[in-house]
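**Q** Pasted the sequence and its predicted model underneath.
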Amino acid sequence: MSVDHETDCVDMSRVTALVLAGGFGTRLRSVISDRPKVLADVHNRPFITYLLDQLVDSGVRNAVLCTGYMADLVEKTLGKSYRGMRLRYSCETEPLGTGGALRLALSQVDSDLVLAMNGDSYCDADLKTFIEWHTTQDFLGSLLLTNVDDTGRYGLVRTDEAGRVLSFEEKGSVSGPSWINAGIYLLPRELLTEIALGSAVSLERDMLPNWIQQSFGGFQCPSQFLDIGLPESYAETEAFFAPMARQASA
């Protein structure tokens, strides 16, 4: 990964985004039954396009969508490119978990640095600043942290003054305002090869606890955060994205 120190610019062409877009959306079936949750309608457009806009606006030019449930519909809806960003697809034939899906997609990654994202949540963060921060650190990998009023649903992440991740607290164990994992990661391609190919692996439960022992960074970025995994949170999407929808139509 290269940085132009004269301009403090990251070469974004050397970053590949992997977007986890294969979930069943079981808890959303009562409100979304005809499509995967990443295609949930928000202001007459698929939810995932807001994430793709964020990637394009950050300068990312290559993305791989890790699909599973109704994969054909995702690819038919989005096509091979989005606003000039190349789209490729990695389809799992059986559920592989978040880690297994990323490992399967690795064959389509040409860059040394991977920006992995959950496709069913949105964090209004400056991804380029996150990447620039990561390139100045000596961490093995980094995750983006955002603050919420109540960590009970998500679990919190503890870091030291240098930004090193110390521990994860399980969801429901702690409540109140604090920093949480926003589901956005910067990982060297080589690190993802540690995940067994073809195995069902959870990135959060099976891999991160070990990786943080090897030095992982947590980039604190106060931002609006939305997870559409529950009907009540999906109901908030129209209001959440209203400013962006108005800007797009202006």
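**A** Ah, there it is.

**Q** Let me know how buried V174 is, in neighbour terms.
**A** As a burial measure, V174 scores 15 neighbours (other Cβ atoms under 10 Å). For every residue, glycine as well, the C-beta is placed using N, CA and C.

**Q** Distance from the longest strand along the chain to the middle of the chain?
**A** In terms of residue count, the longest strand belonging to the chain (DSSP state E) is strand 178-188. Taking Cα atoms, centre = their mean, to the nearest Å, the mean C-alpha location of strand 178-188 is offset from the chain mean by 8 Å.

**Q** Next: stretch 163-172.
**A** The chain centroid and the centroid of stretch 163-172 are separated by 18 Å under Cα atoms, centre = their mean.

**Q** cool, and stretch 66-76?
**A** That offset, for stretch 66-76, works out to 17 Å (Cα atoms, centre = their mean).

**Q** Just to check, A182 is in contact with L145?
**A** Yes: at 6.3 Å, A182 counts as touching L145 under the criterion of Cβ atoms under 8 Å.

**Q** how about the helices in this structure?
**A** Using DSSP state H, the helices of the chain run over 48-58, 71-78, 97-105, 127-135, 189-192, 208-211, 231-234, 237-240, 242-249.

**Q** among the ones you listed, which is nearest K37?
**A** Minimum separation from K37 across those (Cβ to Cβ) falls at helix 231-234, 8.0 Å.

**Q** Might you report the residue contacts of L145?
**A** V157, T159, W179, I180, N181, A182, G218, F219, Q220, C221 (Cβ atoms under 8 Å, 6 or more residues apart in numbering).
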